Each structure stands twice: as C-alpha cells, then as structure tokens.
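Peer 1: Generate coordinates for the sequence data below:
(one chain, ligands or ions: 2)
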Amino acid sequence: MPDEVNPQEIIGFLKPRIGARFRTWLKICSHCGICADTCHYYIANGNDPKMIPSYKVRFLVDLIKKKGKVDKEYLEKVYHTVYHECNMCRRCTLYCPFGIDIALMISLLRSLLFSQGLAPDGLVRAIENYKKFGNQMAVTEEDWVDTIEWCEEEMAEELVGLKIPIDKKGAKIMYTVNAREPMFYPQDIMEVAKIFHVAGEDWTVPRKEGWDDTNLAMFCGDIKTAKYIVQNTFKRAEELQVKQIAITE
Ligand code: SF4
Ligand code: SF4
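Peer 2: Numbering: from 1, shown residues only. Ligands and ions are numbered 1, 2, ... in the order given. The predicted structure follows:
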C-alpha cells in the first residue's frame, strides 16, 4: 500500500458503488442495537459496543463525509475492523428489523481496501495462484490429473469398475472440489467417487481450470478475479455440456 492515500481514488471508488440501497440502509439504521446479540464477535468480546454490527460500517459514512481525506493509519483501522471483527456471516441481517445487510457493506469496504493494495497476504497469494493456475493452491494441470488417476486406481481396488471420468462430454454432473483436496486431502475425492459409483451417477471432473470452486478472491473484494473463477467453471460446464454442476464449497 502506498504511504500517501489519494482521496480522489477513495471517493472515485465509493461513489459509484454506494447506490440507493446502501444509502437507504445507512440512513434508516435506527441504532436500536438488536443486531448486537446476533454477532458472535460482540458476544465473544464481552459485549464490547465496538463490535455492534451497525457500528462496524461507520467507516462508509465517515469516508464520504471526509471526502476520502484519510491517512494510511485510518485505512489500517478499517482493515482491522473488516477482517478481524466481522466474517460477513450475515446473521445480523436476519435479525435486523430493516434487513440491513451489514456484510455487504463490509464487503464493499474490503473491496475499497483491496483497490488500495490492502488485503491479507494469504488471500493475495491465493489470488495470484488463481490467475496463474486457475486454482488457489497452485496445482498444475498435470498434478491434478495425476491425483485423479491415482485416486481412481486406489478406489478401484475396493470397488471394482470405479471410474473418475475426466472431461466426459455430455455427463450429467460436473463435479468441482476445493483445491486443498488434491493437495492435502485426496481421500475426500475418493469418498465422493465411491458415492457417485454406488449411486450409479453419470459424472465427470474437468481437466482444465474450473475444477476448484473456492473463491477466496470474493473474501477480499477482488471482484474481477472472483468473476474469473466463476467464469472458468461455467466455461468448462458449457464445453462438457453437463446438466448440473456440483459444488462442494
Ligand atoms: S438491528 Fe438494524 S436498525 Fe438496529 S442497529 Fe442493527 S443494523 Fe441498525
Ligand atoms: S455479518 Fe459481521 S457483524 Fe454481522 S453477525 Fe456476522 S460477523 Fe457479526
């Protein structure tokens, strides 16, 4: 993140994104506090008023009021709140009498920070991996296919005739995984293969990117990469002409 914050960039980012819906939410919040008890951060921090959901989105109003004229320390404070005081579970929205979507506003703040080069290292690394390899764990196509073939061999000893079809055109279901599975938990893929086999399902996994359906880019508001990940999956589904996509994430 650059040392100097550019107020024009902050306002330029926020203005087109704070539409009628966000403005209405920010205006109608009566600060009744009903959402407080619904937030696990509030409860886990001894009912700390700073953890009340409606308070966490104060930065949006503040940034607009200040016309984006804030410093690096201010943005770091926002960072702390949006990453360490809210996990965007949306529980508070279910209890708010107006249905105010705090998580969506937190997500906008995360997007803003991402546009300013402020995001957790782990997520940034995963984003680089998505862009380069199409999955968050930097698994190459060769390793992915090797793992699938190895899983098939292992399981075929237990269930004769078991197959994990790769790129089967016209299959009913295209199955996608979390990239941690080929990397650390191939047994999960094996168990699923067992279920599909016993159920007699017509299924397949894609060879190319689109098989990892985690979307860590979404968590730091990198909309461009988040879209790219989803598009990969749809692209593979269209190519394989499947009827359904099964997503484990
Ligand atoms: S419950 Fe809704 S209206 Fe009440 S403080 Fe929370 S967000 Fe605002
Ligand atoms: S969305 Fe955030 S503020 Fe709302 S309950 Fe979940 S963690 Fe708490």
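Peer 1: burial of Ala179, as a residue count?
Peer 2: Residues near Ala179, counting by other Cβ atoms under 10 Å, number 25. (Each C-beta comes from the backbone N, C-alpha and C, glycine too.)
Peer 1: That one contacts Met137, correct?
Peer 2: Yes - Ala179 is in contact with Met137 according to Cβ atoms under 8 Å; the separation is 4.0 Å.
Peer 1: Now the common contact residues for those two.
Peer 2: Residues touching both Ala179 and Met137 by Cβ atoms under 8 Å, 6 or more residues apart in numbering: Asp212.
Peer 1: The residue of the chain positioned farthest from its centre and Asn47: what is the separation?
Peer 2: Checked against the mean C-alpha position of the chain, the extreme residue using Cα atoms, centre = their mean is Val160, at a distance of 37.7 Å. Using Cβ to Cβ, to the nearest Å, Val160 is found at 59 Å from Asn47.
Peer 1: Also Glu152?
Peer 2: 53 Å.
Peer 1: Settle it for me: which of the two has more neighbours?
Peer 2: Comparing Glu152 with Asn47 by other Cβ under 10 Å, the one with more neighbours is Glu152, at 17 against 11.
Peer 1: Could I get the pLDDT score of the more buried one?
Peer 2: Glu152 carries a pLDDT value of 96.
Peer 1: Burial check on the closest residue to it other than its chain neighbours, number of neighbours?
Peer 2: Take Glu152 and drop its neighbours on the chain: the residue closest to it by Cβ to Cβ, 6 or more residues apart in numbering is Ile164, 4.4 Å away. Neighbours of Ile164 under the rule other Cβ under 10 Å: 24.
Peer 1: before we move on, what about Gln8?
Peer 2: So Gln8, with other Cβ under 10 Å, has 10 neighbours.
Peer 1: is it true that Met190 lies in a strand?
Peer 2: No - assigned with DSSP: H, G, I helix; E, B strand; the rest coil, Met190 falls outside any strand and is helix.
Peer 1: quick one, what contacts it?
Peer 2: 151, 154-155.
Peer 1: Save these as JSON lines, and put in secondary structure too.
Peer 2: Shown next, in JSON lines, are the contacts of Met190 (three-state DSSP):
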{"residue": "Cys151", "secondary structure": "helix"}
{"residue": "Glu154", "secondary structure": "helix"}
{"residue": "Met155", "secondary structure": "helix"}
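Peer 1: Now Ile245: which helix or strand?
Peer 2: Element membership of Ile245 [criterion: DSSP states H and E] is strand 244-247.
Peer 1: helices or strands next to that strand in the packing?
Peer 2: Strand 244-247 sits against strand 173-176, helix 223-240, with contacts defined as 3 or more Cβ pairs under 8 Å, 6 or more residues apart in numbering; DSSP states H and E.
Peer 1: again, 7 Å this time
Peer 2: Strand 244-247 sits against strand 173-176, with contacts defined as 3 or more Cβ pairs under 7 Å, 6 or more residues apart in numbering; DSSP states H and E.
Peer 1: Tell me the gap between the helix or strand just after the strand it packs on and the middle of its chain.
Peer 2: Once the chain leaves strand 173-176, the next helix or strand it forms, by DSSP H and E, is helix 180-184. Here helix 180-184 is found 18 Å from its chain centre; the criterion is Cα atoms, centre = their mean, to the nearest Å.
Peer 1: From here on, call the first residue 19.
Peer 2: Yep, numbering from 19; the last one is helix 198-202 now.
Peer 1: Residues in contact with helix 198-202: which ones?
Peer 2: Under the criterion Cβ atoms under 7 Å, 6 or more residues apart in numbering, residues 155, 157, 161-162, 165, 206-207 lie in contact with helix 198-202.
Peer 1: Out of those residues, the closest to ligand 1 would be?
Peer 2: The closest of the contacts of helix 198-202 to ligand 1 turns out to be Met155 (Cβ to the nearest ligand atom; 37.0 Å).
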